[in-house]
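Chemist: Fold the following, please.
(one chain, ligands or ions: 1)
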Amino acid sequence: MPRAAITAVGHFLPEDRLTNADLERLVDTNDEWIRTRTGIRERRILRDPDKATSYMATRAAQEVLDRRGISADEIDLIIVGTVTPDMLFPATACLVQHQLGASNAWGFDVLAACSGFLFSLATGAQFIESGKHQKVLVIGADKMSSIVDYSDRTTCIIFGDGAGAVLLEPHDGPYGIIDSVEHVDGSGGDFLKMEAGGSLLPASHETVERKQHSVRQEGRQVFKFAVKGMADVAANIMERNDLTGNDVDFLVPHQANLRIIDATASRMGLDPDKVMINIERYGNTTAGTIPLCLYDWEHRLRPGHNLVLAAFGGGFSWGATYLRWAYDGSKVRGVKGEG
Ligand SMILES: CC(C)(COP(=O)(O)OP(=O)(O)OC[C@H]1O[C@@H](n2cnc3c(N)ncnc32)[C@H](O)[C@@H]1OP(=O)(O)O)[C@@H](O)C(=O)NCCC(=O)NCCS
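Modeler: Coordinates of the predicted model:
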């Protein structure tokens with residue numbers, strides 16, 4: 001059975017920045033509080049009203065194709081993790097397929113909030129491992145600014161917009177995805193959700209007035225579950241694969257809160273320089289965070305590096321992936337890593 005290996009990474013970040021100072025003008029908050037409680041300094045915002053998640057996803061995917069030197073019609077499958085699709089249907093994957101000109105691909109969206117990229121990656125890997133497909137695009141993309149209430153200081157400080165994408169291809173050698181663990185627990189659903197716009201609460205004047213089309217979260221509860229969930233699942237995947245902190249070259253954590261990341265790294269016994277962190281620049285881009293980290297750190301990745309990817313998010317949903325990196329990131333044309 002071939003393994004599914006990541007063979008290219010791409011990204012898209014809007015140019016507009018929303019800094020902590022900007023947020024001080026919108027809600028009762030301050031830079032020091034945001035930095036010490038979350039680790040965030042600024043986020044990117046897609047302000048063009050004519051552009052949405054599929055635009056960012058397509059840009060990230062196009063960069064993957066350019067870097068790998070392949071054409072869109074070679075893609076077999078497109079999976080998009082997102083909670084901010086352009087619209088409920090068609091799926092974002094269909095919009096990306098069309099914008100990319102991926103004439104031989106099928107695709108679908110995965111709705112798993114902050115675990116969206118990890119769940120999409122695990123799903124895409126199955127199609128490679130089974131031999132059904134040769135080239136699978138896995139994208140994590142969210143325009144969180146479209147569902148954030150910028151008068152709610154408990155959520156608007158956290159989220160930003162962005163997209164990351166990877167290509168999965170078969171690898172017969174020792175590299176690629178070795179193991180993954182996924183969980184959901186719907187009893188946590190009430191702590192982090194967007195209530196309206198679905199079949200239970202279709203859009204109405206009332207749902208708009210009650211701001212039920214925005215993210216609501218009980219931050220303290222989510223924090224408590226996230227710290228435990230992400231650390232437990234990361235420790236679990238290490239145990240299953242006989243890995244110690246010394247064996248792991250990089251932790252690629254979902255970027256929700258620096259304190260959650262630190263707790264996970266410490267449970268894994270990792271030195272801080274092995275942890276990919278870019279939350280200070282982009283905030284929480286939901287499904288975008290993990291591929292955006294891979295993009296920023298790609299120049300430091302070498303064949304055989306052991307990576308543990310871990311995420312926790314709405315649902316609740318959480319998981320971890322253990323993979324052996326497949327290529328020399330320093331040799332990728334145009335790589336300008338920031339990690
Ligand atoms: C949201 C989050 C940053 C809040 O941090 P926290 O340390 O839990 O803060 P609390 O909610 O306990 O609030 C502490 C105090 O700060 C206040 N506060 C909340 N938001 C604030 C803000 N933006 N600026 C200033 N003060 C704020 C609260 O009102 C509270 O005041 P009180 O003690 O007088 O009641 C944190 O809970 C978190 O990161 N949760 C997980 C979020 C997450 O991961 N979500 C995405 C899905 S993975």
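Chemist: The helix or strand harbouring Ala311: how far from the chain's middle?
Modeler: Secondary structure assigned from DSSP states H and E places Ala311 in strand 306-313. Chain-centre distance of strand 306-313: 10 Å, with Cα atoms, centre = their mean, to the nearest Å.
Chemist: model confidence over that strand, on average?
Modeler: Strand 306-313 shows a mean pLDDT of 98.
Chemist: Partner strands of it and their direction?
Modeler: When sheet partners are counted by DSSP bridges, strand 306-313 sits next to strand 250-253 (parallel), strand 317-324 (antiparallel).
Chemist: Report all helices and strands that the next helix or strand after the shortest one contacts.
Modeler: The first helix or strand that comes after strand 250-253 along the chain, using DSSP H and E, is helix 258-268. Contacting helix 258-268 under the criterion 3 or more Cβ pairs under 8 Å, 6 or more residues apart in numbering; DSSP states H and E are the following elements: helix 31-38, helix 219-240, strand 250-253, helix 279-282, strand 306-313. C-betas here are computed from N, CA, C, even on glycine.
Chemist: Tell me how many other residues surround the residue in the stretch 101-250 of the chain positioned nearest to the ligand.
Modeler: Nearest residue of the stretch 101-250 of the chain to the ligand: Gly219, at 2.9 Å (Cβ to the nearest ligand atom). Gly219: 17 surrounding residues under other Cβ atoms under 10 Å.
Chemist: thought it was touching Thr154?
Modeler: Yes: using Cβ atoms under 8 Å, Gly219 makes contact with Thr154 at a distance of 5.4 Å.
Chemist: what sits in contact with each of the two?
Modeler: Residues within reach of Gly219 and of Thr154 at once, by Cβ atoms under 8 Å, 6 or more residues apart in numbering: there are none.
Chemist: so can I have TSV of the strands paired with strand 306-313 showing mean pLDDT, mean neighbour count and distance to Ser266?
Modeler: Listed next are the strands paired with strand 306-313 as TSV, based on pLDDT from 0 to 100; neighbours: other Cβ atoms under 10 Å; distance: least, Cβ to Cβ, whole Å:
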stretch	mean pLDDT	mean neighbour count	distance to Ser266
strand 250-253	98	25	11
strand 317-324	98	25	16
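Chemist: mind putting the ones you listed in TSV, distance to Asp296 included?
Modeler: Output for these, formatted as TSV (distance: least, Cβ to Cβ, whole Å):
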stretch	distance to Asp296
strand 250-253	10
strand 317-324	17
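Chemist: Up against the ligand, what does the protein have?
Modeler: Counting by Cβ under 6 Å from any ligand atom, the chain comes close to the ligand at 29, 33, 37-38, 114, 153-154, 157-158, 192, 217, 219-220, 222-223, 226, 256-257, 284, 312-314.
Chemist: Could you give me the ChimeraX selection string for whichever of those are buried?
Modeler: Buried residues among the residues of the chain next to the ligand (16 or more other Cβ atoms under 10 Å), as a ChimeraX selection:
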select :29,37,38,114,157,158,192,217,219,222,223,226,256,257,284,312,313,314
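Chemist: which residues touch the helix or strand hosting Ser180?
Modeler: Take DSSP H and E as the rule and Ser180 turns out to sit in strand 176-184. For strand 176-184, contacts defined as Cβ under 8 Å, 6+ apart pick out 2-6, 112, 115, 118-119, 121-122, 125, 229, 233, 236-237, 240-241, 315-324, 326.
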